[in-house]
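Novice: starting from these lines, generate the structure:
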Amino acid sequence: MESTERLQRFAYDDYTVVTNFETFADAENYANEKGGELIEVGFTDGSDNPMPNTTGNLIADRKTFRVGLDPEYQVIYSDDPKFQEMAEIILEDMKEKENDVAPEDWIGDQNIAPGDRIIIVKNGEVNTVTTRERIKYLMRGNVYELAVKEPKTVSE
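Specialist: Modelled structure (predicted):
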């Protein structure tokens with residue numbers, strides 16, 4: 001794993017949970033390096049702290065996160081073949097509306113991992129292009145993440 005800057009840590013009494021991995025392999029490598037174990041957690045019911053939760057079925061599917069929204073929303077993840085097609089349509093529409101030649105900066109933000117991008121569709125129309133972090137705080141959705149559970153060290 002090249003960088004750990006994007007990782008988020010949550011301290012509990014006997015362990016620390018680390019989330020926000022870019023890839024499944026990054027999480028596996030981190031767990032191996034730190035002597036931790038892969039677990040699944042959920043940010044649910046508006047909570048800022050992750051709790052154990054296997055609703056996302058992340059380990060079996062080898063995914064880093066899943067989003068839970070009301071049934072009227074369809075979530076299209078960046079690894080879905082439809083995503084790229086829809087992203088191109090969205091960019092073209094944005095260019096046309098804003099008479100802008102570079103709105104891809106909005107979708108291509110360098111601080112966002114490519115795998116974090118998702119498109120939310122409601123009633124057959126694009127509702128928003130967003131990230132897992134924004135889902136938690138702006139749409140009051142549930143976010144299920146792959147995490148590494150590390151034992152607390154004596155110095156912590």
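
Novice: just give me the residue right at the centre of the protein.
Specialist: Ranked by distance to the mean C-alpha position of the chain (CA atoms, centre = their mean), the top residue is R132 at 3.9 Å.

Novice: report the contact partners of it.
Specialist: Applying CB atoms under 8 Å, 6 or more residues apart in numbering to R132 gives the contacts 65, 67, 116, 118, 143, 145. Heads up, the C-betas are built off the backbone N, CA and C, glycines and all.

Novice: low pLDDT regions in this protein?
Specialist: Across the chain, the ranges flagged by pLDDT under 70 are 1-4, 94-95, 97-115, 154-156.

Novice: the longest helix seen in it packs against which elements?
Specialist: Under DSSP state H, the helix in the chain containing the largest number of residues is helix 81-98. Applying 3 or more CB pairs under 8 Å, 6 or more residues apart in numbering; DSSP states H and E, one finds that helix 81-98 contacts strand 73-77, helix 104-107, strand 117-122, strand 125-131.

Novice: can you add mean neighbour count and distance to D26 and give the ones you listed back as JSON lines?
Specialist: Converted to JSON lines, the helices and strands packed on helix 81-98 look like this (neighbours: other CB atoms under 10 Å; distance: least, CB to CB, whole Å):
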{"stretch": "strand 73-77", "mean neighbour count": "17", "distance to D26": "17"}
{"stretch": "helix 104-107", "mean neighbour count": "13", "distance to D26": "22"}
{"stretch": "strand 117-122", "mean neighbour count": "18", "distance to D26": "17"}
{"stretch": "strand 125-131", "mean neighbour count": "16", "distance to D26": "17"}
